[in-house]
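Undergrad: Structural data only, the sequence is not supplied:
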């Protein structure tokens, strides 16, 4: 039976047809680096049978093996793309080839000088690499010889080594320039030969025997304008932006309800307590730089806190860990004091830079807490391991502490050690909450509606996935999952 | 006014909009622009380092000049700063003798300061976290309510799971009842399912908050970072 | 004040003292505790590193500072030892300025370890290279995804990077079979996943401090990270899988004892709390 099957397979292979439906086209959703090849699944595919892709600069010209694929691999159904971005047919093969690397290899076939140029480039690279090591060795030997007294005993050796160093120094730039010229010459030749188009054939091979070969197909790679694999996230982004913009307009027209956030309501209480006790208020804007959104949210809150401190006459101190945040915070604090009608109360040393180092900053701030015993400490922004060290020290000195962070791994520490904690997006809501600005409140409502949208989407997808799984509709499950997969 | 407020807002709008779109545009100019901007950011970040050093020197020099409270510590700071800079320059910034170069087998002078001063100081500060965790746990894990009891229970399970002795004790007692009661399975479920679902909820909210804040900055609604308030 | 009130309002300094003594004990009187059991994630990390053949190029980014040394330095050492044992070719870097010295020391010590224990002699420039530090975090990862030599034109010691044989054929992150990030925060494995893995389709494994390991779970579940080592325990599990005990294995004793002491204190506190009837009061 097995022998009969083998005979049948051999007979089929001997009469093998070339791969059908062969096409070459620009690989989509990339920056023009690849060509895609597509051909139909053939009846003779089996273990031991391979597809070999040949490439050439011209149709019928000398070819080079570009890729080799087991005949039972590389199906279009294995592609990691969403259902709308291309075919995932299990009855076709799909393969992408890097055209730049291919062209660099093909030039050897069409340009007799190519090998010599490449060999010279490799030799120059070797010389340059060798030079650096040799120079260090020679310098080390020279340093040893120069220690020997009297110098006249080794004058000849020193002179030889110095001459060698001069030779190496003189030849390095010559080799570097020559290598640059050769690289340019090679690239120019490649560009003239290919003109952006390469030709391909697919051969069917069993062991060392080629059974059949397809005709020629060609394609030129090109830059793609849009990555359609990501159109679903683009659509979601547009929808969410539209919701935010719509609610900004709504917020300008009527008053929107904001629930009470105890942590933010406590900021007034904390500052008032500091004024009564005659102790400072500390504000820590987190451990991220100004390019992070959570730091921008934190400095927005700093503006409101600074205004309140100016109005009530509390002493504010803001230690910083990043210089750009320090610079921005200075401007914000100055503006806040001016808007509060107390420009006279503003001092440059309200904001001060300590260090970027995490634990040096923590040690410095802890020292200030213990010495000055502030009445109120406000942590807003992104924090790391130092959060518990700071918060426990603050709790130990009896300060009222309000924390707000989107660093979920630090939330348990703040919740434990602080009197009030803003969780996650409440940090982003804080600026709108404290200022009561209608536009900012409108964006908050937009965020909430966006969240409803996400919740509905998650619930819907979960429900659909569940039922599709129960009824065995695997392709439908993929359809749903692709909508939420980041490609 | 144009340079201080309008121009930065225009730049924020243009660049913010362009790079929000960049994620969806794969062509070479877009990729090259991202790569170039990343390099510019590295350059700006390098200048920021210099600014930080100048700021620290200025503020501590002022403290020493006016002999305000704690000015002695400012002297210590200058001494430590100068030592590290001088040793670093002397050792070309290498903590260890570079390969292939003849030098002391124990490393460089900068390396000595790094390994014997900086590392112990930093690890000591991090080590204090262990003590604070213990005191915070002692204060916080009290079964005052049912919710607090649940928190206490799962915290104890996690503590068992993070200690090799705890894993052994658990697996050889409770873990023998059924394979699914093995501690690493329970921890995996707690972290990967229970904890993950709560974190994802927070992360989705945070992500939406970030998008909204970014939109406010791009459209110039949020201008606090310029030193002014919103519209 | 009675005993239960005293205990429930215990000055934190007593707790500090107890923890301090417990952690000091295994240093003063070393002893072993029952075995370390590797978790699935540690096994995945080990299997990913083990699956590649001799001569494969990998990138290790040691993104931590001295503060996180107890947790992440053992991971770095174990990863280097594993790589040297398998004769992989390693490019090492860091995104954290204060980590440079530790990376230099780790490479130096483990090259010597490889010579003594594995009978291999890794050559600098051919089998490994330390390309140093660059500021910018995610910007560096993005840049490396396009052209590494534009981001790092020299190695840490000033030699032109292109002249090292190990960099032959390496243009971008895509040319590394595995990328490893051992991270203590930002920039760290999140930046590698968001700007490196997704854009360049990399095989990525990570290590991190115990506190931020929940941040790795979404990436593990999405398949963007193949495995992760979590904290000192993860490092000890990796050492066990490698069968090369290191500092993490030794540190697990102190860690275990401290955690048990916390459990005891919390349990005692709750027993006294309930027994004294305070839990009934509003």
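TA: Happy to help now that I have it. Since we're looking at a predicted model, the values are computed, not measured.
Undergrad: From what I see, residue A:453 and residue A:243 are in contact.
TA: Yes: assessed by C-beta atoms under 8 Å, residue A:453 is found in contact with residue A:243 at 7.3 Å. Where C-beta positions appear, they are placed from N, C-alpha and C, glycine not excepted.
Undergrad: Neighbour count for these two, which is higher?
TA: residue A:243 (21 against 15; other C-beta atoms under 10 Å in any protein chain shown).
Undergrad: Where do the helices of the stretch 151-300 of chain A begin and end?
TA: For the stretch 151-300 of chain A, applying DSSP state H, counting those that start in this stretch gives helices covering A:155-194, A:231-253, A:262-277, A:293-312.
Undergrad: same deal with the stretch 351-487 of chain A?
TA: Using DSSP H, counting those that start in this stretch, helices in the stretch 351-487 of chain A cover A:358-372, A:386-396, A:411-417, A:426-435, A:438-471, A:474-482.
Undergrad: will you turn the ones you listed into a markdown table that also has distance to residue C:191 and mean pLDDT?
TA: Below are those laid out as a markdown table (distance: least, C-beta to C-beta, whole Å; pLDDT from 0 to 100):
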| stretch | distance to residue C:191 | mean pLDDT |
| --- | --- | --- |
| helix A:358-372 | 17 | 93 |
| helix A:386-396 | 20 | 94 |
| helix A:411-417 | 22 | 91 |
| helix A:426-435 | 21 | 86 |
| helix A:438-471 | 24 | 89 |
| helix A:474-482 | 26 | 84 |
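Undergrad: In TSV: the ones you listed, plus distance to chain C.
TA: Shown next, in TSV, are the helices of the stretch 351-487 of chain A (distance: least, C-beta to the nearest C-beta, whole Å):
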stretch	distance to chain C
helix A:358-372	5
helix A:386-396	7
helix A:411-417	9
helix A:426-435	16
helix A:438-471	14
helix A:474-482	12
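Undergrad: Now distance to residue A:49 too, for those helices, in CSV please.
TA: Output for the helices of the stretch 351-487 of chain A, formatted as CSV (distance: least, C-beta to C-beta, whole Å):
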stretch, distance to residue A:49
helix A:358-372, 59
helix A:386-396, 61
helix A:411-417, 58
helix A:426-435, 59
helix A:438-471, 36
helix A:474-482, 28
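Undergrad: So for residue B:175, which of the ones you listed sits nearest?
TA: For residue B:175, the closest of the helices of the stretch 351-487 of chain A is helix A:411-417, at 26.7 Å, according to C-beta to C-beta.
Undergrad: Give me the contact list for the closest one.
TA: For helix A:411-417, contacts defined as C-beta atoms under 8 Å, 6 or more residues apart in numbering or on different chains pick out A:379, A:383, A:387-388, A:391-392, A:394-395, A:401, A:403, A:405, A:421, A:423-424, B:136, B:139-140, B:202.
Undergrad: Provide the backbone phi and psi angles at the closest residue to residue C:63 other than its chain neighbours.
TA: Of all residues not flanking residue C:63 in the chain, residue C:183 sits nearest, at 4.0 Å (C-beta to C-beta, 6 or more residues apart in numbering or on different chains). Dihedral angles of residue C:183 (phi, psi; degrees, to the nearest 10) stand at phi -130, psi 150.
Undergrad: from the contacts of helix A:411-417, which would you call buried?
TA: Among those, those classed as buried by 16 or more other C-beta atoms under 10 Å in any protein chain shown are A:379, A:383, A:387-388, A:391-392, A:394-395, A:401, A:403, A:405, A:421, A:423-424, B:136, B:139-140.
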